[in-house]
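**Q** please work out how this folds:
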Amino acid sequence: MNEDLISEKEQKFLEQCRELNNILPVKKYNDLNHISFIVDGRTPSINHLYGQKGHIKFLTKEATIIRNNIRASIISKINPKIRLSDFENKKLKVLVEVNENWHSKNKSVKRSDIANREKFLIDSVFSALGLDDKYIFDHRMIKVQNEKEFTKVNIYIL
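**A** As a prediction, the model looks like this:
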């Protein structure tokens, strides 16, 4: 596979989106306008990460530790040639692939909602990168069947 092309899986996904009248530009991305990294393990659900005292919501101690671990992991995995300042104030596309075993022992699909994991993950990632998530104009989060648990995050400049 040519390194300056988006992955075959992403290309196929974009083609399916276009077929559904969700027209997206198909671009060639090089290493300098594409950030990609893997967050090891299972990303947590926000249901277990926020506490509430009166009307004030806050991150629990466990959530703060997880967020700091995600931040440290991301910073250590970023290509040092990438200038994060190039991503500031630009429209961004985010593709998140959540890799897990999505099937139960009897081969039915588990009741597992990835939407509850989205906010915490995106907030942690963008905080680590020093970017503002208000510039996300295209966001996809997909399940990928895998025996290993990890999440692949791709950020592109549109």
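
**Q** quick one, phi psi at Lys53?
**A** Note on Lys53: backbone dihedrals following degrees, to the nearest 10 are phi -130, psi 110.

**Q** next helix or strand past the lowest-mean-pLDDT helix or strand in the chain?
**A** Every helix and strand in the chain was compared by mean pLDDT, DSSP states H and E; the lowest is helix 8-19, with a mean of 61. Following helix 8-19 in sequence order, the next helix or strand is strand 34-40 (DSSP states H and E).

**Q** what strands line up against that next one, and which way round?
**A** strand 150-157 (antiparallel) (DSSP bridges).

**Q** as CSV, could you dump the C-alpha coordinates of the strand it pairs with?
**A** What follows is strand 150-157 as a C-alpha-only set of coordinates in CSV (Å, rounded to 0.1, in the frame of the first residue of the first chain):
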residue,chain,number,x,y,z
PHE,A,150,-7.3,-1.0,20.9
THR,A,151,-8.5,2.2,19.3
LYS,A,152,-7.0,3.7,16.2
VAL,A,153,-7.4,7.4,15.8
ASN,A,154,-6.8,9.2,12.5
ILE,A,155,-7.0,13.0,12.2
TYR,A,156,-6.9,14.6,8.8
ILE,A,157,-6.8,18.2,7.6
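
**Q** identify the residues contacting it?
**A** By CB atoms under 8 Å, 6 or more residues apart in numbering, the residues outside strand 150-157 that reach it are 6, 10, 27, 29, 33-41, 43, 86-87, 90-99, 121, 125, 129. In short, each C-beta sits where N, CA and C put it, glycine included.

**Q** quick check on the residues you listed: which are buried?
**A** Taking 16 or more other CB atoms under 10 Å as the criterion, what is buried in these is 6, 10, 29, 33-37, 39, 43, 87, 92-99, 121, 125, 129.

**Q** elements contacting the longest helix along the chain?
**A** Longest helix in the chain, counting residues (DSSP state H): helix 61-77. Helix 61-77 is packed against strand 34-40, helix 115-129, with contacts defined by 3 or more CB pairs under 8 Å, 6 or more residues apart in numbering; DSSP states H and E.

**Q** model confidence at the residue of the chain most remote from its centre, what's the number?
**A** Distance from the C-alpha centroid of the chain peaks at Gly54, with 31.0 Å (CA atoms, centre = their mean). You'll see Gly54 listed with a pLDDT of 89.
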